[in-house]
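K.L.:
What follows is a predicted protein model with its sequence.
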Amino acid sequence: ILACLALAGGVARWYWRGGWPDNIVMLDHNPGDGVHASATAKNQWDATAGPAAAQIVRARDGKLNVSFFYKRKDFLSPEQIKLITAATQIAKDRRMQQDLGITPAQAQLLAEVRDGGKIETTESEQRRISDAFLAWEKASGESAKNAADGDMVRVLDSIAAARLQATRASDAARAESANKALTAGQWKQYDAIGQQSP
């Protein structure tokens, strides 16, 4: 017992004198979440918080353009995700539309499913993301950057929670529209095309 008390006292004395090493950084968010410069575009950053994400683009005039989205749709069933993904693919592929015999009316419905995934954020939400990004951009040093990443994660988490129910309902309606856009025969033909692909 005396040896344990002595050891605990030594550790406490060491901590109060020197503290933890400077290279130890405590994170209040998951590794990988936060703000990252885009690997494919200049003056563009991607911010993530689990399934929630935002794209931040700086225009030539310095203005920040912000878009919020879910990079994972965990709130949808696999079948709903398949329907929306298929409709989006067909809407973008003219050759596939020809192979499936898609009519102009069907093409319009598929385009609506494709374009319906954009989430319209309020000015307040865009400003919160912009402010969190600007704070991250100004932060200097690893500790400050990590703290700013944590702030961005909390902003995205908050927006994701507020948008969840409406987005789930909207995407469920998109999946239903996608299912009705094609006939049973066309869906069977689409599945056959997918099986033939390498």
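P.N.:
Nice, I can see it.
K.L.:
Return the set of buried residues in the longest helix anywhere in the chain.
P.N.:
In terms of residue count, the longest helix belonging to the chain (DSSP state H) is helix 142-181. Neighbour-count burial for helix 142-181, counted by 16 or more other Cβ atoms under 10 Å, picks out 145-153, 155-157, 159-160, 163, 167, 171, 174-175, 177-179, 181. All C-beta atoms are positioned from the backbone trio N, CA, C, and that covers glycine.
K.L.:
next one: stretch 76-96
P.N.:
76, 80, 83, 84, 86, 87, 88, 90, 91, 96.
K.L.:
Nearest to residue 136 among these?
P.N.:
Nearest to residue 136 among the buried residues of stretch 76-96: residue 76, at 30.3 Å, using Cβ to Cβ.
K.L.:
State whether the closest one is indeed within a strand.
P.N.:
No: using DSSP: H, G, I helix; E, B strand; the rest coil, the assignment for residue 76 is coil, not a strand.
K.L.:
what about residue 70, distance to residue 166?
P.N.:
12 Å (Cβ to Cβ, to the nearest Å).
K.L.:
Correction: the previous question concerned residue 124.
P.N.:
In terms of Cβ to Cβ, residue 124 sits 16 Å off from residue 166.
K.L.:
Kindly report the same for residue 154.
P.N.:
From residue 154 to residue 166 the distance is 21 Å (Cβ to Cβ).
K.L.:
Which elements pack onto the longest helix of the chain?
P.N.:
Packed against helix 142-181 by the contact rule (3 or more Cβ pairs under 8 Å, 6 or more residues apart in numbering; DSSP states H and E) you find strand 34-37, strand 44-49, strand 52-58, strand 64-70, helix 78-92, helix 104-115, helix 123-138.
K.L.:
how about the last one: buried residues?
P.N.:
In this case it means helix 123-138. 125, 126, 128, 129, 130, 132, 133, 136.
K.L.:
Please name the spatially closest residue to residue 48 (chain neighbours excluded).
P.N.:
The spatial neighbour of residue 48 that comes closest, neighbours along the chain excluded (Cβ to Cβ, 6 or more residues apart in numbering), is residue 33 at 5.2 Å.
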